[in-house]
Structure formats: structure tokens, C-alpha cells
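Visitor: pasted the sequence and its predicted model underneath.
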Amino acid sequence: MNEDDRRHIIDRYRRYLAEFGPSSRALGWGRDDKQSIRFDTIVAPIVAAGGSVLDVGCGFADLYGHLRSRGWNGRYAGIDLVPEFVAEAKRRHPDTDLRIGDISSVPDTFDFVVGYGIFNTRLPGQANADYIAQTLQDLLRRARVAVCVDFLSSACDYQDPSAWHTNPAWAIEQALQLSPRVRLSHEYLPFEFALVVFADREFEPSRRTYQRRYGVT
């Protein structure tokens with residue numbers, strides 16, 4: 001991501017934070033109950049695996065609290081471009097690993113790499129499609145099991161001019177260039193979809209089915 005786009009994103013969310021305070025609306029979402037619905041699209045395999053999680057664009061680290069409420073007790077790290085978000089996340093979760101930056105500043109790998117809301121801003125500089133394609137590669141390089149991301153869908157009757165709505169068919173095409181094992185969910189909320197790209201793609205030759213490891217199906 002170039003510096004102009006980085007500054008655009010930081011400034012946007014600082015405006016939301018000043019207007020709405022430390023709430024889901026400051027993160028660009030609507031009501032808090034919708035956030036739980038989004039998280040539940042991907043937490044089941046993470047909880048079953050008990051593996052480590054890198055939360056890219058972590059905001060207030062709400063995913064950490066959500067995972068804990070589901071019985072997960074693994075290693076968590078969160079990273080966000082907005083310093084004020086990271087400060088609030090540290091206030092809420094003082095014992096967690098929370099960092100300022102983006103995926104390029106993360107040297108280590110995790111079982112699951114999650115990025116919710118990171119593709120939803122229309123960028124003034126770099127083409128959004130190029131940014132998404134490159135970021136998916138960067139996320140997958142740091143994932144041992146899977147990458148879990150979400151998008152605003154282009155399959156809707158209204159698009160916010162300041163937001164980026166992604167074509168689901170294009171997104172899954174990009175994912176299949178990275179791994180033959182992908183999952184797209186377009187049923188949990190109107191106008192949004194989630195994409196899981198598996199780094200773990202081993203299959204059982206005798207049965208021609210993917211290995212069912214880490215609680216992932």
C-alpha cells in the first residue's frame with residue numbers, strides 16, 4: 001500500500017472515531033450484533049483447532065474477545081494502521097500482542113490469518129483490485145492453515161461511493177490462483193461475503209478428499 005492510501009485510511013477511521021467514539025461504527029460497521037454474525041462465519045474452525053490467530057486490521061481487538069467467549073485459548077496477535085484503535089484495544093485487552101502497522105511488518109507466521117473489513121475502503125491511489133490481489137498473497141504467506149477475509153459485495157442495489165464493493169466471482173478466481181482449496185460464504189448477511197483460502201491443501205490420495213486436520217472441514 002502506498003503512503004497516500006495509508007494516510008487516507010488512517011484519516012478516514014480517525015474521523016469515524018471522533019464522531020462515534022470507540023464503537024463498531026468507528027470501525028466502519030453498523031450495529032454490534034452484526035459484528036458477531038461476521039465473526040461466527042470463521043470462528044468454528046479456529047476454536048476447534050485452538051490455533052494461533054493474526055488479526056489484520058484488528059480495530060479494538062473485538063475478535064479476540066469473541067474467540068475467548070467461544071472457548072478458544074490460543075495465541076492472538078492484532079495489528080492495525082490506526083494508532084488510536086490499537087491504544088483502545090490495549091486498554092480493553094492489556095495482555096494481548098497488539099501492534100501498529102500492516103501485514104508487511106509482520107515477520108512471523110500463524111495458523112489463521114484473519115482480515116475483516118480491510119478491503120472495504122475505496123483507495124484514491126492504488127487500484128483496489130491490485131491491492132486485494134497482493135494482500136491476499138501477503139496474508140497467505142503468513143498462514144499455516146488458512147486465511148479468512150471478508151468483503152462488501154458488488155451484488156447489491158446500492159454502493160457507497162467511498163467504499164469498495166468486490167465482485168464475489170472475481171474474488172474466488174483470485175483465491176483459486178493461490179490455492180485449490182477455498183470457501184466462499186455469501187449467505188450470512190446481505191451485501192457481504194467471506195472468503196477462506198486454505199494454505200493446508202493436502203489430500204488423501206486413496207479417497208481424493210482433503211485432509212481433515214486442525215478441526216478444519
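Guide: Thanks, I have it. Note that the structure is a prediction, hence the values are computed from the model and not measured.
Visitor: CA only for contacts and neighbour counts going forward, please
Guide: Will do.
Visitor: report the longest strand in the chain, please.
Guide: Longest strand in the chain by number of residues (criterion: DSSP state E): strand 143-153.
Visitor: strands of the chain, start to end?
Guide: 53-56, 76-80, 97-100, 110-115, 143-153, 165-166, 182-185, 192-198, 203-204, 209-210.
Visitor: adding mean pLDDT, write these out as a markdown table.
Guide: Formatted as a markdown table, the strands of the chain follow (pLDDT from 0 to 100):
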| stretch | mean pLDDT |
| --- | --- |
| strand 53-56 | 97 |
| strand 76-80 | 98 |
| strand 97-100 | 97 |
| strand 110-115 | 96 |
| strand 143-153 | 95 |
| strand 165-166 | 98 |
| strand 182-185 | 94 |
| strand 192-198 | 95 |
| strand 203-204 | 61 |
| strand 209-210 | 63 |
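Visitor: dump those into TSV; add distance to Gly30 and mean neighbour count as well.
Guide: Listed next are the strands of the chain as TSV, based on distance: least, C-alpha to C-alpha, whole Å; neighbours: other C-alpha atoms under 10 Å:
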stretch	distance to Gly30	mean neighbour count
strand 53-56	19	26
strand 76-80	19	23
strand 97-100	24	18
strand 110-115	17	25
strand 143-153	13	23
strand 165-166	16	22
strand 182-185	20	16
strand 192-198	13	23
strand 203-204	40	11
strand 209-210	37	12
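Visitor: mind putting the ones you listed into CSV with distance to Gln159?
Guide: Output for these, formatted as CSV (distance: least, C-alpha to C-alpha, whole Å):
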stretch, distance to Gln159
strand 53-56, 24
strand 76-80, 25
strand 97-100, 30
strand 110-115, 21
strand 143-153, 9
strand 165-166, 7
strand 182-185, 20
strand 192-198, 12
strand 203-204, 40
strand 209-210, 37
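Visitor: least trustworthy helix or strand in the protein by mean pLDDT?
Guide: strand 203-204 (a mean of 61; mean pLDDT, DSSP states H and E).
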